[in-house]
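[1] my questions concern the predicted model and sequence given below.
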Amino acid sequence: MAVLVAMLYERYKAGEYPIALVSMDNCSQNGAKLRESVLTMTEEWKKAGFVDDGFISYVSDEKVVAFPWTMIDKITPRPSEQIAADLEKLGVESMQPVITSKKTYIAPFVNAEKPQYLVIEDSFPNGRPALEKGFGVYMADRNTVNLSERMKVTVCLNPVHSATGPLGVVLGYDLFAHMLNTNEDMMKMARMVAYSEGLPVAADPGILSPQAFVDELFNDRSQMNTLAIPTFVLLWMYPRWLESVLERL
């Protein structure tokens, strides 16, 4: 974060040029969280005498330094050794995943689901390229971005993962898609969470259809590992379940 603030300070000294800092973190109101972090760092630098009041005003003005909110959805699991083996059988060499020193799995290929959504708040003080020409990219206002994120996290996608993923681990399934497509009981449970409990209370952002969003979940053939889901179920319990419950109390 200090590097980011330092870069902003250089931009400020060069002419107070406008800029948009676009957060791609997969969390609610990510732009607001990034802005809060930058402003906190800026205030501390001001106290230490590193920057002046003009820089504080520059960073604080969202008409000059914007922090657009985004909603991103594309399941991109750990590289699959099976896919690597299949590629090598086809004659593509050196496809096996590599584990870095920080335990990150990387590979020359990406195994991901086909559907992808990137909703970006259209707040770019210095102009922008035609991002909406990209596949699955939508430009919208802040409220629409927020509604899109809430549709995904609190109703149409993540609650289904949270409800069924841990059970899939107990039942011995490695892949989430394989579990749904081969176990009738798990499919029934997932559909109940999505269609019976979720869709009736889903926030409709207008640019994305909650119904279509859920339908694509059940057409998923991605390599998402069921074991990855329980690792963040407790962390995300509040936004995935309690937010939508508390709204209706």
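    All right, it came through fine.
[2] what's the longest helix anywhere in the chain packed up against?
    Longest helix in the chain by number of residues, with DSSP state H as the criterion: helix 30-47. On a contact count with 3 or more C-beta pairs under 8 Å, 6 or more residues apart in numbering; DSSP states H and E, helix 30-47 meets helix 2-15, helix 53-60. In short, each C-beta sits where N, CA and C put it, glycine included.
[3] now do 10 Å
    Judged by 3 or more C-beta pairs under 10 Å, 6 or more residues apart in numbering; DSSP states H and E, helix 30-47 is in contact with helix 2-15, helix 53-60, strand 65-66, strand 70-73, helix 142-151.
[4] turn those into CSV, including mean pLDDT.
    Below are those laid out as CSV (pLDDT from 0 to 100):
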stretch, mean pLDDT
helix 2-15, 96
helix 53-60, 97
strand 65-66, 98
strand 70-73, 90
helix 142-151, 92
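[5] hang on, the earlier thing: buried sites along the longest helix of the chain?
    The neighbour-count check on helix 30-47 (16 or more other C-beta atoms under 10 Å) flags 30, 31, 34, 35, 38, 39, 41, 42, 45 as buried.
[6] and which of those residues is nearest to residue 120?
    residue 31 (9.6 Å; C-beta to C-beta).
[7] could I get the buried residue list for stretch 1-20?
    Neighbour-count burial for stretch 1-20 [16+ other C-beta under 10 Å]: 5, 8, 9, 11, 12, 18, 19, 20.
[8] what residue in the protein is the furthest from its centre?
    residue 49 (36.5 Å; C-alpha atoms, centre = their mean).
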